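[1] could you work out the structure for the sequence below:
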Amino acid sequence: MSQKRPINTILTIVFISLIIVGGYFIFTKLSYTNKANPPNSLIGKWNVVSVQEGDIQIVSEINGASIEFFKDGTLKAYGGCNEMTQESYEVKSGSELSISIGGTKRGCERDVVEFWNLNKVTKYKFTDNMLFLYYKTDSEVESTFKLLLQTDFNYNSDCTKFGGEWIEEYNECSEGFGTVNDVEGFCTKYNGKYNECDSECRHNSDPEIYCPGVCVQVCSI
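    Presented below is the predicted three-dimensional model:
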């Protein structure tokens, strides 16, 4: 009996040690999984925070533009002064990036994103939840798109709560037909670009279709 007790004690200690070590690794794995890791992929929707050409910031915050990268190598540009229809990208070696984009060619006012410059992007970099797209202008000026990863936003339901109608294709909350129309409040919450009197036919490019002379509140995200 005296010989069995030390053996039983050792086995008990080993068993308890295995439980402690196993529990530690499980806890560590769960803790690591729950941490918000910085992005390491372009995939997702990014809000355009600013566009800088040299020392000049040509587009500032509350510009209402965003870019969404998809797994199949395509992307979608929302907002801006042009409607982009041909959009794709290719991640090359290291931090090299090639973007191909096409669409209408209207002259953009200040603080409105000109997506055509995406064709000039050659490199990208992640910092925390930010994405930087680097390009050079036609006059060889070093320039940057600065974007913020879009997370935990429920634009559709919140737009409805504020009395608006969410238009996914254009990333807009437009004035609805209910008794509550606080599109401006929605815009304030999401730091969007508010227009108190935009055309109801703003996305209609067909001149043959009748457009009533009615303006609506619109918030572009």
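[2] dump the residue contacts of the most centrally placed residue in the chain.
    Among the residues of the chain, the one closest to the centroid is Trp46, at 1.8 Å (Cα atoms, centre = their mean). Counting by Cβ atoms under 8 Å, 6 or more residues apart in numbering, Trp46 makes contact with 66-69, 131, 147-150. Every C-beta, even on glycine, is put in place using the N, C-alpha and C of the backbone.
[3] likewise Arg202?
    Neighbouring residues of Arg202 by Cβ under 8 Å, 6+ apart: Val218.
[4] can you pull the pLDDT of it?
    Taken from the predicted model, the pLDDT recorded for Arg202 is 84.
[5] ramachandran angles for it?
    According to degrees, to the nearest 10, the main-chain angles of Arg202 amount to phi -60, psi -20.
[6] how near is it to Ser174?
    Taken as Cβ to Cβ, to the nearest Å, the spacing of Arg202 relative to Ser174 amounts to 9 Å.
[7] now the terminal residues of stretch 118-134, how far apart.
    Distance between the two ends of stretch 118-134: 9 Å, counting by Cα to Cα, to the nearest Å.
[8] buried residues of it, list them for me.
    For stretch 118-134, the neighbour count (16 or more other Cβ atoms under 10 Å) marks 118, 121, 124, 131-134 as buried.
[9] what of stretch 175-185?
    Those would be 175-176, 181-185, for stretch 175-185 by 16+ other Cβ under 10 Å.
[10] what average pLDDT does it get?
    Across stretch 175-185, pLDDT averages out at 79.
[11] then that stretch to PDB, C-alphas only?
    Backbone C-alpha positions of stretch 175-185 (Å, rounded to 0.1, in the frame of the first residue of the first chain) are rendered in PDB as follows:
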ATOM      1  CA  GLU A 175     -36.000  60.600 -47.900                       C
ATOM      2  CA  GLY A 176     -38.800  58.200 -47.500                       C
ATOM      3  CA  PHE A 177     -42.600  58.600 -47.500                       C
ATOM      4  CA  GLY A 178     -43.300  58.300 -43.700                       C
ATOM      5  CA  THR A 179     -44.100  60.900 -41.200                       C
ATOM      6  CA  VAL A 180     -40.600  61.000 -39.800                       C
ATOM      7  CA  ASN A 181     -37.900  62.100 -42.200                       C
ATOM      8  CA  ASP A 182     -34.600  62.800 -40.400                       C
ATOM      9  CA  VAL A 183     -32.100  61.900 -43.100                       C
ATOM     10  CA  GLU A 184     -29.900  64.700 -41.700                       C
ATOM     11  CA  GLY A 185     -29.800  62.900 -38.300                       C
END
